[in-house]
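In: show me the folded form of this:
(one chain, ligands or ions: 1)
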Amino acid sequence: MADYVKVLNVAELDDPGKIILEVDDRIVVLVHVNGLFYCIDDVCTHDDGPLSDGELDGCDLICPRHGARFDVCTGQAKSLPATRPTASHEVKVENGEVFVKVCED
Ligand code: FES
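Out: Numbering: from 1, shown residues only. Next comes the predicted model:
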């Protein structure tokens, strides 16, 4: 079972900002927005576009390939051409350090 893995210190990622990371052999995007951190897969569910290369617009991450929007808080697809959510991972902050626990699906 996956456990929390320290990925960086809070001060290492601008707000707003995003960074691609590998956590437990999974490629994910960590997003810092409005003082909070979120983590989703670096995979657009339309055609596997790299969300880490996309533009951050508030809490939306926009796929650089065909423009689908994903809610970084939940992984939900908010606009076509994507219709399915991308995986969302648990994040916690303790003592100025950010930890991610990847989901098991
Ligand atoms: S691959 Fe992301 S919108 Fe097409």
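In: what sits against residue 3?
Out: By Cβ atoms under 8 Å, 6 or more residues apart in numbering, residue 3 lies in contact with residue 101. Where C-beta positions appear, they are placed from N, C-alpha and C, glycine not excepted.
In: rerun that using 10 Å as the cut-off
Out: Residues near residue 3 by Cβ atoms under 10 Å, 6 or more residues apart in numbering: 24, 99, 101-102.
In: and for residue 86?
Out: By Cβ under 10 Å, 6+ apart, residue 86 lies in contact with 28-29, 40-46, 51, 61, 63, 68, 70-72, 74-77.
In: run the last query once more with 6 Å
Out: Going by Cβ atoms under 6 Å, 6 or more residues apart in numbering, residue 86 touches 40-41, 43, 45, 70, 75.
In: so how far is residue 71 from the residue sitting furthest away from the middle of the chain?
Out: Residue farthest from the centre of the chain, counting by Cα atoms, centre = their mean, is residue 95 at 21.2 Å. According to Cβ to Cβ, to the nearest Å, residue 95 and residue 71 sit 28 Å apart.
In: give me the buried positions along stretch 4-13.
Out: 7-8, 13 (16 or more other Cβ atoms under 10 Å).
In: inside strands: which ones of the residues you listed?
Out: 7-8 (DSSP state E).
In: between the buried residues of stretch 4-13, which sits nearest the ligand?
Out: Nearest to the ligand among the buried residues of stretch 4-13: residue 13, at 23.1 Å, using Cβ to the nearest ligand atom.
In: distance of the closest one from residue 35?
Out: 12 Å.
In: next one: residue 3
Out: Here the criterion is Cβ to Cβ. By it, residue 3 lies 25 Å from residue 35.
In: quick check: the farthest pair among the contacts of residue 3?
Out: Among the contacts of residue 3, the pair separated by the greatest distance (Cβ to Cβ) is 24 and 99, at 12.0 Å.
In: among those two, which residue is more densely surrounded?
Out: residue 99 (18 against 12; other Cβ atoms under 10 Å).
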